[in-house]
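> here's a sequence, model it:
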Amino acid sequence: MKQSHIKLFPSEIQDFARLFVDMQYHREAADYDPTASFSRAQVILWVERAEYALTAFNQVVNKDRQAFAVYVALPFRGGKPTRVRS
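Got it, this is the predicted structure:
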């Protein structure tokens, strides 16, 4: 399963990926769930979390960020993955 391979990336990238999925969930709720409601405090917290995660992501070495970009852009084909960090 593709998700299990996320553990091979640095923790900053793992945190970014988890937050991205969470934020996508909230965005879809805001767009498509007419009963969804968000407080100003919630939204501010999510924006702060996103800013922090993006800052941490950008501090990861470029090689790992590039590997992550390829990982999410291309379909998983199975096989045994190799560790991203050396």
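> show me the residue at the heart of the protein, geometrically.
The chain has Ala17 as the residue nearest its centroid, 1.5 Å off, counting by CA atoms, centre = their mean.
> where does this structure dip in pLDDT?
The chain contains residues with pLDDT under 70 at 1-3, 77-86.
> tell me which residues of the longest helix along it are tucked away?
Among the elements of the chain assigned as helix by DSSP state H, the one spanning the most residues is helix 11-32. Within helix 11-32, the residues that qualify as buried are 12-13, 15-17, 19, counting by 16 or more other CB atoms under 10 Å. The C-beta positions use only the backbone N, C-alpha and C, and glycine is treated the same way.
> report all helices and strands that that helix contacts.
Using 3 or more CB pairs under 8 Å, 6 or more residues apart in numbering; DSSP states H and E, the elements in contact with helix 11-32 are helix 40-58, helix 62-73.
> could you dump that helix to CSV, C-alpha only?
Extracted C-alpha coordinates of helix 11-32, given in CSV (Å, rounded to 0.1, in the frame of the first residue of the first chain):
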residue,chain,number,x,y,z
SER,A,11,9.3,13.3,9.7
GLU,A,12,8.8,16.9,8.4
ILE,A,13,7.5,15.4,5.1
GLN,A,14,5.4,12.9,6.9
ASP,A,15,3.8,15.7,9.0
PHE,A,16,3.2,17.8,5.8
ALA,A,17,1.6,14.9,4.1
ARG,A,18,-0.8,14.1,7.0
LEU,A,19,-1.7,17.7,7.4
PHE,A,20,-2.4,18.0,3.6
VAL,A,21,-4.8,15.2,3.8
ASP,A,22,-6.5,16.7,6.9
MET,A,23,-6.8,20.1,5.2
GLN,A,24,-8.1,18.6,2.0
TYR,A,25,-10.9,16.9,4.1
HIS,A,26,-11.9,20.2,5.7
ARG,A,27,-11.8,22.0,2.4
GLU,A,28,-14.1,19.5,0.8
ALA,A,29,-16.4,19.8,3.8
ALA,A,30,-16.5,23.5,3.4
ASP,A,31,-17.2,23.2,-0.3
TYR,A,32,-19.7,20.4,-0.4
